[in-house]
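> okay, predicted coordinates and the sequence, questions at the end:
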Amino acid sequence: MTSDFKVSMLASSSSGNVTYIETPQHKVLLDAGLSGKKIEQLMTQIGRTLKDVDAIFVSHEHSDHIAGVGVLARRYGMDVYANQATWQAMSSKIGKVKPEQVKLFEPGEVKDLGDLDVESYAVSHDAANPQFYAFHHHNKSFAAVTDTGYVSDRMLATLRNADALLVEANHDYEMLRMGSYAWPLKQRILSDKGHLSNEDGAQALERMLGLRTKNVYLGHLSQENNQKLLAHMTVQSILQAENFAVDHDFYLHDTDPLSATPLQDI
């Protein structure tokens, strides 16, 4: 049975993040962290066009989440949702956006867009006021959490038992520890305002997974401090050790910096 609620991770990595979500009435993006041209190309991979996208929901002002926000807003007239502190932090980076396209969306709020309800929630990251989103259509939900140093009980209240999840698996601890990054950058990544490791992501998933959860995507992998296969196998082995039936009760998917995941029914 096909669903009219669909999602694709157009790109997910430390170099750029874009997620596409659609319902019959709305086509939206979660972040736009690549050039407008590249996002246009990624949309063609899933048989969709940016001309139909009506809004961008911005998580925070780091370039790998906002690089294409300004150009897409100007070219296609998309509304841009972000909280006040994020707007202040990113305005000089994205260029002019028409006032009527500027939509304030604070953490803990829910926006009713007709057949799509969007819920925002705070995360712990070194940005002005970072937040992520859960998207609800009828009785289905897709929730995303990357760019956070830890997953709190408050976050879990939104994330637990979602039908589909995008969860961070940013780095392998040993690759990061032995890698070329300067120590202050390593400390930042490992801090409570940094990023989830493969192990952290798996442990968070243990608390998120529910009977409704059918698809899990591992996202925001560092291209310097992780590998797709390593992240997948680490998360899978930790979950299986806790008696989760990976690829039976739910499917564990990889994401990619340059290729969109297939458009998936939620």
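Structure's in. What do you need?

> okay, buried residues for the helix or strand hosting M43 please.
Secondary structure from DSSP states H and E places M43 in helix 36-45. Neighbour-count burial for helix 36-45, with 16 or more other CB atoms under 10 Å as criterion, is recorded at G36, K38, I39, E40, L42, M43. No exception for glycine: its C-beta is placed from N, CA and C like everyone else's.

> give me the residues contacting stretch 177-185.
K186, I189, E224, N225 (CB atoms under 8 Å, 6 or more residues apart in numbering).

> wait, which of those residues is closest to D172?
N225 (6.3 Å; CB to CB).

> which of the three states applies to that closest one?
Under DSSP: H, G, I helix; E, B strand; the rest coil, the three-state class of N225 is coil.

> ok, now which ones touch it?
Here N225 is in contact with N170, H171, D172, M175, L176, G179, Y181, I189 (CB under 8 Å, 6+ apart).

> just the buried ones from these?
N170, H171, D172, M175, L176, Y181, I189.

> can you add distance to Q240 and secondary structure and give those back as a markdown table?
Output for the buried ones among the contacts of N225, formatted as a markdown table (distance: CB to CB, whole Å; DSSP: H, G, I helix; E, B strand; the rest coil):
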| residue | distance to Q240 | secondary structure |
| --- | --- | --- |
| N170 | 21 | coil |
| H171 | 21 | strand |
| D172 | 18 | coil |
| M175 | 22 | helix |
| L176 | 24 | helix |
| Y181 | 31 | coil |
| I189 | 27 | helix |
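
> out of the residues you listed, which is nearest to L218?
Using CB to CB, those come closest to L218 at N170, 9.6 Å.

> counting neighbours, what do you get for the closest residue to the closest one other than its chain neighbours?
What sits nearest to N170 in space, not counting adjacent residues and going by CB to CB, 6 or more residues apart in numbering, is H195, at 3.7 Å. Residues near H195, counting by other CB atoms under 10 Å, number 26.

> can you offset everything so residue one is 767?
Noted, 767 is the first residue going forward, which turns the last one into H961.

> contact partners of the longest helix along the chain?
In the chain, taking DSSP state H as the definition, the longest helix is helix 994-1007. With CB under 8 Å, 6+ apart as the test, helix 994-1007 has contacts from 935, 938, 941, 964-965, 967-969, 971-972, 975, 984, 987, 1012, 1018, 1020, 1022.

> mind doing that once more with 10 Å?
Contacting residues not belonging to helix 994-1007 are listed as 779, 933-941, 963-965, 967-972, 975, 982, 984-985, 987-988, 992-993, 1010-1013, 1016, 1018-1023 [CB atoms under 10 Å, 6 or more residues apart in numbering].

> which of those residues are buried, as a ChimeraX select command?
Restricted to buried positions by 16+ other CB under 10 Å, the ChimeraX selection for these reads:
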select :779,933,934,935,936,937,938,939,941,963,964,967,968,969,970,971,975,982,984,985,987,988,992,1010,1012,1016,1018,1019,1020,1021,1022,1023
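
> could you report the neighbour count for A888?
Using other CB under 10 Å: A888 sits among 17 other residues.

> what about the residue lying closest to it once chain neighbours are set aside, neighbour count?
Counting by CB to CB, 6+ apart, P873 is the residue found nearest to A888 once chain neighbours are left out, at 4.1 Å. If you count neighbours by other CB under 10 Å, P873 ends up with 16.

> check M999 too.
M999: 12 neighbours (other CB under 10 Å).

> measure it to L1024 for me?
Separation of M999 from L1024 (CB to CB, to the nearest Å): 21 Å.

> can you pull out the strands in the stretch 867-1016 of the chain?
868-870, 876-878, 883-888, 897-903, 906-911, 930-934, 981-985 (DSSP state E, counting those that start in this stretch).

> just name whatever secondary elements the longest one is in contact with.
Meaning strand 897-903. strand 784-788, strand 793-796, strand 821-823, strand 876-878, strand 883-888, strand 906-911, helix 919-925, strand 930-934 (3 or more CB pairs under 10 Å, 6 or more residues apart in numbering; DSSP states H and E).
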